[in-house]
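**Q** I would like to see how this sequence folds:
(2 chains)
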2 protein chains.
Amino acid sequence: MKNRKVVPGLLEQMRDTLAALHETEGVGWETINTIMAKDGLKDAALRRPAEWRELGLSVRRSEAVAASLESRRMEQRRARWEKTGLSVITAMDPDYPDLLRHIYRPPWVLYYIGRLELLARPQVAVVGTRQATIYGKRAAEDLSAAFSHAGLAVTSGMAKGIDAAAHAGALRGSGGTVAVLGSPADVVYPPENRVLYRRIVEEGLIVSMTPPDVSIHPGMFPMRNRIIAGLSLGVVVVEAASRSGALLTANEAIKENRDVFAVPGPISSPRSRGTLELLRDGAAAQVLEAEDVIKHYRRYLGGVRIPAMPSYSEPELTEQEARIFRLLADGPASAEELCHRSGLTFGLLHAVLISLQIKQRIHQQPGSVYIAL
Amino acid sequence: MKNRKVVPGLLEQMRDTLAALHETEGVGWETINTIMAKDGLKDAALRRPAEWRELGLSVRRSEAVAASLESRRMEQRRARWEKTGLSVITAMDPDYPDLLRHIYRPPWVLYYIGRLELLARPQVAVVGTRQATIYGKRAAEDLSAAFSHAGLAVTSGMAKGIDAAAHAGALRGSGGTVAVLGSPADVVYPPENRVLYRRIVEEGLIVSMTPPDVSIHPGMFPMRNRIIAGLSLGVVVVEAASRSGALLTANEAIKENRDVFAVPGPISSPRSRGTLELLRDGAAAQVLEAEDVIKHYRRYLGGVRIPAMPSYSEPELTEQEARIFRLLADGPASAEELCHRSGLTFGLLHAVLISLQIKQRIHQQPGSVYIAL
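**A** Predicted coordinates:
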């Protein structure tokens, strides 16, 4: 499917035709639906405008479609996909994800770069605010790592903040990660995620329904959110302000009857208010640890070996490290206070603090005050 | 009721007799229940051991009770109550709280110091761990203040940590506070709560079922927890580790069919794990703001004027203070970062930071790093 032939077979021809319709200006989901309902992809390249009109298209659309399907234009389109590294999957393909087929107006065409096989994996979406706190990013990353370790692919929108942390965490495990972009799949957006984008291209999958060369506009993002929810068995919201954009994917998940989960946080954090409202109102199930999500999807993980994962609060820490981390989880403290409260000798405490810093679990602030990350 | 006469009336006589039975060694709840069921308080002082045996008491108990009710012993007991400043209320009194009557084995006798009328108020319990975090204590205090402002009395166990913060917050409002002690009501326990104890004696109510001069033993605390739950319409757990003692009052509340609420917190905080487990398992309703509790008890607050309360996250802050506090709620930051992120001039920011410190909403750490409290 990736190395597309110059003279494609029938299925490839129909796929290219569908993508061409998708890229034709003025042709939307409904128009393609009309054509598909009348089995209109076959011999589409030979059809003249009058014949398109017979299929139910308007005069203007009939002419646009006929022009768009001319062999010269088709060649140009294939060349452009080739050049940008994009491949195409359509709703006609057997690889098109079943879950996605069942959403309202599933996309006829998806462009992708990377490991298409990830679409066949059971997926969990991890999403949240771009203005994430250290706590939120840590939770998103650790939960996503655990999902990925368990064999679930982690799907998100590659926005900065929670989304980026979710992809980064998922890349630590074997489940893989799927980034659904609003912008074309060959465009890095936002630009600060360049390194992450490259890693996902190599180890994960980038997906978008936006054709290449289309410039970014806000209207792309609602559809992106619906695809994220549509690909996923469940959506985990990590941090979101009240009535914020970060809740839109959760709303799509609710509309599409997917499971919705939310990670709680302090009631004093504006960034947790949206998730806490979802939980309070019974719109989401609470995620205290990764298992709260994974246990719902065991049946999809039959063939996947699941390594034992430590609980979220103390991943891969020695007993002494865990003890110091727990003390700091209660609030910032100086080395002197930690020494007093832990009962460790100062030398040992020092070693533990350095180790925790290397493991990026704590941060030393000016004045030797340590905070848990 | 407070100034007890030397020659008491019939009701007072029966109350004193009931308290005497309660204080008699070897006489427990069941024995008193047997006596009460046979209307055995009347003429109790005149009854000889043989007559007590006829009421169903064992030989040993009959003798102990007859001795305990001798007029000399009764006088001593009254003198001791007088000296310690304690008053007595019994299950026979019309002032005995109706809600408490309905628990398993309601205490026959309660000793108290302070404003007895608070027992007639609708009460909400606010409880949690003694090893509370700054976040937990702040949440307990602010929620309790809001409950008290709304006219609810706040009941707790006067332990250090969450309990102490709950009482302190409740004293800021008009609803009052009820401290239920495991130790005798005239003993300050734990000793570090001396100042709080004195304030509650003057402005609130101290209650205990433990007679004066009885030394403190761990067996007192389970009954204390049941009384806290029994006095309250609902119990709010603010912070509790998993499977910790702080959850016992919540368990009593569940057993006694009272509402159980829990305050969420970070999934990385061991001190919030118990509350998050209650929430995840559907054993408690989530409290995001005081109104989540108060709204359930509006019908009990008919006669109480309810002042408008600002939401928990930004109590009594100016717009600029709230803005800086929100930034810090996301994580510690230096003055430079805050200046950059808020867009305030450095001079104005400085004034706002000082004001927030005076209002005890933020704390300045070494190196001019500020944290939200």
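**Q** does any bit of the lengthiest helix in chain A sit next to chain B?
**A** As assigned by DSSP state H, the longest helix anywhere in chain A is helix A:134-149. Yes: judged by C-beta under 8 Å from any C-beta of the partner chain, helix A:134-149 and chain B are in contact via A:134, A:135, A:138, A:139. All C-beta spots, glycine's among them, are computed from the backbone N, C-alpha and C.
**Q** Compare these and tell me which is most surrounded.
**A** residue A:139 (29 neighbours; other C-beta atoms under 10 Å in any protein chain shown).
**Q** hang on, that one packs against residue A:261?
**A** No: judged on C-beta atoms under 8 Å, residue A:139 makes no contact with residue A:261 at a distance of 11.9 Å.
**Q** got any residues that touch both of the two?
**A** With contacts defined as C-beta atoms under 8 Å, 6 or more residues apart in numbering or on different chains, no residue is shared by residue A:139 and residue A:261.
**Q** and the residue of the stretch 151-300 of chain A nearest chain B?
**A** Relative to chain B, the nearest point of the stretch 151-300 of chain A is residue A:264 (3.8 Å; C-beta to the nearest C-beta).
**Q** Compute the number of surrounding residues for that residue.
**A** 28.
**Q** Also residue A:153?
**A** 27.
**Q** separation between it and residue B:42?
**A** For residue A:153, the distance to residue B:42 equals 78 Å [C-beta to C-beta, to the nearest Å].
**Q** What parts of the stretch 1-150 of chain A come near chain B?
**A** So the stretch 1-150 of chain A meets chain B at A:131, A:133, A:134, A:135, A:138, A:139 (C-beta under 8 Å from any C-beta).
**Q** Quick check: chain neighbours aside, which residue is closest to the first one?
**A** Using C-beta to C-beta, 6 or more residues apart in numbering or on different chains and skipping residues adjacent in sequence, the residue nearest residue A:131 is residue A:161, 6.2 Å away.
**Q** Residue A:21 touches residue A:68, doesn't it?
**A** Yes: under the criterion of C-beta under 8 Å, residue A:21 makes contact with residue A:68 at 7.3 Å.
**Q** phi, psi of the residue positioned nearest the centre of chain A?
**A** In chain A, the centroid-proximal residue (C-alpha atoms, centre = their mean) is residue A:156; its distance is 1.7 Å. Dihedral angles of residue A:156 (phi, psi; degrees, to the nearest 10) stand at phi -160, psi -170.
**Q** Any residue of the helix or strand where residue A:354 lies touching chain B?
**A** Taking DSSP states H and E as the definition, residue A:354 sits inside helix A:346-358. No: taking C-beta under 8 Å from any C-beta as the criterion, helix A:346-358 and chain B are apart, separated by no less than 13.4 Å.
**Q** List the buried residues for the helix or strand following that helix?
**A** Elements were assigned by DSSP H and E; along the chain past helix A:346-358, the next helix or strand is strand A:362-365. By neighbour count on 16 or more other C-beta atoms under 10 Å in any protein chain shown, the buried set for strand A:362-365 is A:362, A:363, A:365.
**Q** With distance to chain B and pLDDT as extra columns, can I get the residues you listed in a markdown table?
**A** As requested, those are exported to a markdown table (distance: C-beta to the nearest C-beta, whole Å; pLDDT from 0 to 100):
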| residue | distance to chain B | pLDDT |
| --- | --- | --- |
| A:362 | 12 | 84 |
| A:363 | 9 | 80 |
| A:365 | 5 | 76 |
